[in-house]
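1. Kindly generate the corresponding structure for this input.
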Amino acid sequence: MDLELRHLKIVRAVADAGSLTRAATALGLAQPALSGQLKRIERALGGELFERGRDGVRATALGELVLERARVLLPALSELQEEAVRFARGGAAGYRLGGTHGPLLGGLVDRIAHQEPGVPVTTYTSWSEREIAQGVAAGRLDFALVGACGESAPPEPGRLAWLEVARDPVHVMLADDHPLARRAEIELAELAAEAWTDVPGDGCFGDCFAAACVRAGFTPACVYETDTASCVHLVQVGRAVGLCRATFPATPGVVARPLAGSPLVWRHLLGWHPAAPAASRAPGVLAHARGAHAEALARSAGGGVSAVREAAVGAATS
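-> All right, here's what the predicted structure looks like:
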């Protein structure tokens, strides 16, 4: 049997998992099938790669040699594949944009289409910032338009170039008949008794929100993590209050208000691979993204906050 790339992946998976059972689960195989494949690999390499024990498996000297080579070869081959994809698609016209939920991706598409009519623009969306970034790193996408909480690092920091599009305080969504809806800003502690709703993500935003609540003196009693439309519905019917970006679009029955002191901050980020052909277009895409942010902010559900603040000031001074 000739050694193949998939055989090295199996050996690495077994070593990383520390047991055949866990490795089989990670690889999506039945344990007997994995054991059979491992035995064939060991025969091809001339000896046992792992010592089996009650506590799992441990690499033999031969296994350590194979693992040492595998940990060099597998990333190198993955990088080769990604570079080949970028090279093969380098001459393709158009923009391949990836983004998470929110109005900026649509605004970016609109601005590019207006500036470069006839140039194809394709989009890919996911709740996972990491998935979008991996698509850019692998050459499947040209640009990632995602977000990061506070000063947290964006995904794939060592492989992609990132620039900040804008930085916004996180707002709270309320039903327009909520007792606090007419306030210019709201203390987080005033919402201690509320249920909350938010969209999923794989960054640290959930942990940062929980920490901000603890600093405000409470622990959220209930957090509904669901899609954007369901979040809006729960807010509209008064079942929960929601967390949103300052660019959240104006929506019937909902207002967005900043939290006093800005306990949570959201950074809009644009990422690209510095070695990709599309990298030369990054300055223009960044300018479009910043323009899309400014337009979204002007149309946002918090657009009436200034008027509310001015009315409150006027009432206090009259």
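
2. Now for the spatially most central residue of the chain: which residues touch it?
-> Averaging the C-alpha coordinates of the chain gives a centre point, and the residue nearest to it by Cα atoms, centre = their mean is residue 129 (1.6 Å). For residue 129, the set of contacting residues under the criterion of Cβ atoms under 8 Å, 6 or more residues apart in numbering consists of 100, 144, 146-148, 154-155, 201-203. C-beta here means a position set from N, CA and C on the backbone, and glycine is covered the same way.

3. how close does it sit to residue 278?
-> 19 Å (Cβ to Cβ, to the nearest Å).

4. Can you show me the helices along the stretch 1-150 of the chain?
-> Defined through DSSP state H, counting those that start in this stretch, the helices belonging to the stretch 1-150 of the chain, from first to last, are 5-17, 20-27, 31-45, 61-88, 104-115, 129-137.

5. Dig out what the closest residue in space to the residue nearest to the centre of the chain that isn't next to it in sequence forms beta bridges with.
-> Once flanking residues are discounted, residue 129 sits nearest to residue 146: 4.2 Å by Cβ to Cβ, 6 or more residues apart in numbering. Assessed by DSSP bridges, residue 146 has beta-bridge partners residue 269.

6. how much space between residue 146 and residue 255?
-> 26 Å.

7. okay, the two: which has more neighbours?
-> For residue 146 and residue 255, the more surrounded residue by other Cβ atoms under 10 Å is residue 146, and the numbers stand at 29 against 26.

8. Enumerate every residue touching the more buried one.
-> Under the criterion of Cβ under 8 Å, 6+ apart, the contact partners of residue 146 comprise 98-100, 129, 132-133, 154-155, 269, 271.

9. For it, report the pLDDT, please.
-> Taken from the predicted model, the pLDDT recorded for residue 146 is 95.

10. and what of residue 25?
-> With respect to pLDDT, residue 25 has a value of 89.

11. and what of residue 318?
-> In the predicted model, residue 318 carries a pLDDT score of 31.

12. show me the contacts for residue 226.
-> Residues touching residue 226, when contacts are defined by Cβ under 8 Å, 6+ apart, comprise 197, 199-200, 234.

13. now do residue 141
-> With contacts defined as Cβ under 8 Å, 6+ apart, residue 141 is in contact with 96-98, 124, 132, 135.

14. buried subset of those?
-> Burial by neighbour count, 16 or more other Cβ atoms under 10 Å: within the contacts of residue 141 this picks out 96-98, 132, 135.

15. From these, pick the one nearest residue 211.
-> Proximity of the buried ones among the contacts of residue 141 to residue 211, judged by Cβ to Cβ, is greatest for residue 132, which lies at 25.2 Å.

16. and the gap between the closest residue to residue 33 other than its chain neighbours and residue 249?
-> With Cβ to Cβ, 6+ apart as the criterion, residue 33 has its nearest non-adjacent residue at 7.5 Å, and that residue is residue 24. Applying Cβ to Cβ, one obtains 47 Å for the distance of residue 24 from residue 249.

17. Check residue 39 too.
-> Residue 39 is 59 Å from residue 249, where distance means Cβ to Cβ.

18. between the two, which one's more packed in?
-> Under the criterion of other Cβ under 10 Å, the comparison of residue 39 against residue 249 puts residue 249 first, with 16 against 12.

19. shouldn't the more buried one be in contact with residue 299?
-> Yes - taking contacts as Cβ atoms under 8 Å, residue 249 lies within contact range of residue 299: 6.0 Å.

20. Between the two, which contacts overlap?
-> Contact criterion Cβ under 8 Å, 6+ apart; residues shared by residue 249 and residue 299: residue 103.

21. Export stretch 228-246 to CSV, keeping only CA atoms.
-> Coordinates of the C-alpha atoms in stretch 228-246 are reproduced here as CSV (Å, rounded to 0.1, in the frame of the first residue of the first chain):
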residue,chain,number,x,y,z
THR,A,228,-32.2,38.1,13.3
ALA,A,229,-35.8,37.9,12.3
SER,A,230,-36.7,36.0,15.5
CYS,A,231,-34.7,38.5,17.6
VAL,A,232,-36.7,41.3,16.1
HIS,A,233,-40.0,39.5,16.7
LEU,A,234,-39.2,38.8,20.3
VAL,A,235,-38.4,42.5,20.9
GLN,A,236,-41.5,43.7,19.0
VAL,A,237,-43.9,41.6,21.1
GLY,A,238,-42.2,42.6,24.4
ARG,A,239,-40.8,39.1,25.1
ALA,A,240,-37.2,40.3,25.3
VAL,A,241,-34.8,43.2,24.7
GLY,A,242,-32.0,42.7,22.2
LEU,A,243,-28.4,43.6,21.6
CYS,A,244,-27.7,45.2,18.2
ARG,A,245,-25.1,47.2,16.4
ALA,A,246,-25.6,50.9,16.0
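
22. buried sites along it?
-> For stretch 228-246, a neighbour-count test (16+ other Cβ under 10 Å) marks 228, 231-236, 240-246 as buried.

23. likewise stretch 136-153?
-> Judged by neighbour count using 16+ other Cβ under 10 Å, the buried positions of stretch 136-153 are 136-149.
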